[in-house]
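In: Sequence first, predicted coordinates after that:
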Amino acid sequence: MSITPVIAIHGGAGTILRASMNPKLEADYRRALQDVLRAGAALLAGGASALDAVTEAVRLLEECALFNAGKGAVYTDAGTHEMDACVMDGATLAAGAVAGVTRVRNPVLAARAVMAHSGHVLMIGPAAQEFVARHGVELVAPDWFATPERHAQWLRARQQAGTGSGAVLLDHDAASLAAPLDPDSKFGTVGAVALDAHGHLAAATSTGGVTNKRVGRVGDSPIVGAGCYANHLVAVSTTGTGEMFMRAVTAHDVCALMEYAGLSLQAATQRVIMDKLPHIGGRGGLIAVDAQGQVALPFNTEGMYRGYARVGGEPVCAIYGADNADPSTAMLGPS
Ligand code: ASP
């Protein structure tokens, strides 16, 4: 049986309301998602591995200031940027991750360097930066990640949710604090999952974290099994309230429900996102692709930037929950 490679991506979940979205911004988001999907699918069509496809898709999303990863990352409570990323190869279970990096232009490339060269899985802070720089990963000045829109979002979050540490916000929810939703807001932890022509799966996730987080806080995104996981059955990348996703070990939970309980991809992802996470107050979503090339993109928030592309097909993108009313996007979220 021949395999049709497929890639899926997300750009974060949260309070994303159609009524509050400015048409130009919405078009920008859709174009960005489509461009990244096309690039990822082209790599897969050319025989690239799932690992290389998800790494490149996430690198492109990091370069796009619309999303909360790399350029455009959200602010900590000290007005700085601390980024986390993870990559995992389902074929070998090799994984690499970085947390709390402040100068790595593309944290997903740092995660790849940790995976390839360190013999470890997770490295943090300045030592991680020095290590990956020795392996050719580009460092930039800490203010390279700043954008005026993110700064305004941070100030608004502090003002409206209470100043100081402890008032942390999902990026998209921070946007919703402005009434109506700030049309200039730029948000979204990013991730990619893929199945390649060899039947191998891979996942990658990258984030600036949650707005106004404490300096030193690390969420689920760089934690293997929580924010990112891939094995021979399924690849998963998550976005949402990281503390809950860590407690629920969300990405691996999808794998476990499929492997040990025999659930389908759709059943496993629905159980985790619509049942288990809400039970502990977890908000967000995930993207997943299984070894048969099925795709699931469920979320329990108002929206999630998301899409997928099969080699030989057109990219399919969606933002809001209501996008699922369109039969062509029936796979794109909660039913
Ligand atoms: N899960 C991320 C974190 O907790 C945030 C997000 O997905 O928007 O750092």
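Out: All right, it came through fine. All values reported here derive from a predicted model rather than from experimental measurement. Numbering: from 1, shown residues only.

In: who's in contact with whichever residue of the stretch 51-200 of the chain sits closest to the ligand?
Out: At 3.3 Å from the ligand, Thr189 is the closest residue in the stretch 51-200 of the chain, using CB to the nearest ligand atom. All C-beta spots, glycine's among them, are computed from the backbone N, C-alpha and C. Applying CB atoms under 8 Å, 6 or more residues apart in numbering to Thr189 gives the contacts 10-12, 67-69, 171, 205-208, 221, 239.

In: Closest one of those to His135?
Out: Proximity to His135 was ranked across the contacts of Thr189 by CB to CB; first place goes to Ser206, at 17.7 Å.

In: for the nearest residue to Tyr320 once chain neighbours are set aside, phi and psi?
Out: In space, and not counting its chain neighbours, Tyr320 is closest to Gly303: 4.6 Å by CB to CB, 6 or more residues apart in numbering. Backbone torsions of Gly303, given as degrees, to the nearest 10, read phi -160, psi 170.

In: Now the element after the lowest-mean-pLDDT helix or strand in the chain, going C-ward?
Out: Least confident helix or strand of the chain, by mean pLDDT, DSSP states H and E, is helix 171-176 with a mean of 58. Once helix 171-176 ends, the next helix or strand along the chain (criterion: DSSP states H and E) is strand 190-195.

In: Give me the next element, helix or strand, following that next one.
Out: Assignment by DSSP H and E places the next element after strand 190-195 at strand 201-207.

In: between that next one and strand 190-195, what angle do the directions make?
Out: Put simply, strand 201-207 runs at 180 degrees to strand 190-195, going by axes from the mean of the first three to the mean of the last three CA atoms, to 10 degrees.

In: going forward can the numbers begin at 24, since that is how I track them
Out: Got it, the first residue is 24 from now on, which makes the last one we talked about strand 224-230.

In: Give the partner strands of strand 224-230 in its sheet and their orientations.
Out: Partner strands and pairing direction for strand 224-230 (DSSP bridges) are strand 106-112 (antiparallel), strand 213-218 (antiparallel).

In: Within range of the ligand, give me the residues from the protein.
Out: For the chain, the residues in contact with the ligand (CB under 6 Å from any ligand atom) are 35, 193-194, 212, 230, 232-233, 242-244, 262-263, 265, 307.

In: Just among those residues, which is most surrounded?
Out: Neighbour counts for these were taken using other CB atoms under 10 Å; the highest belongs to Thr212, with 37 neighbours.

In: Would you mark the buried spots in stretch 246-256?
Out: Neighbour counts over stretch 246-256 (16 or more other CB atoms under 10 Å) mark 246-256 as buried.

In: Tell me the one of those nearest Val97?
Out: Gly250 (15.5 Å).

In: Verify the stated contact: the closest one with Cys109.
Out: Yes - assessed by CB atoms under 8 Å, Gly250 is found in contact with Cys109 at 6.2 Å.

In: which two in the buried residues of stretch 246-256 are spaced the farthest apart?
Out: Maximum distance among the buried residues of stretch 246-256 (CB to CB): 20.6 Å, for Ile246 and His255.

In: residues in contact with stretch 137-146?
Out: With CB under 8 Å, 6+ apart as the criterion, stretch 137-146 contacts 110, 112, 117-122, 151, 154-155, 158, 245-247.

In: can you do 7 Å?
Out: Applying CB atoms under 7 Å, 6 or more residues apart in numbering, the external contacts of stretch 137-146 come out as 110, 117-122, 151, 154-155, 158, 245, 247.

In: all strands of this structure, in order?
Out: 29-37, 106-112, 117-124, 145-147, 213-218, 224-230, 251-253, 257-263, 307-313, 318-319, 326-333, 339-343 (DSSP state E).

In: a markdown table for the ones you listed, including mean pLDDT?
Out: Conversion of those to a markdown table gives the following (pLDDT from 0 to 100):
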| stretch | mean pLDDT |
| --- | --- |
| strand 29-37 | 95 |
| strand 106-112 | 98 |
| strand 117-124 | 98 |
| strand 145-147 | 98 |
| strand 213-218 | 98 |
| strand 224-230 | 98 |
| strand 251-253 | 98 |
| strand 257-263 | 97 |
| strand 307-313 | 97 |
| strand 318-319 | 97 |
| strand 326-333 | 95 |
| strand 339-343 | 94 |
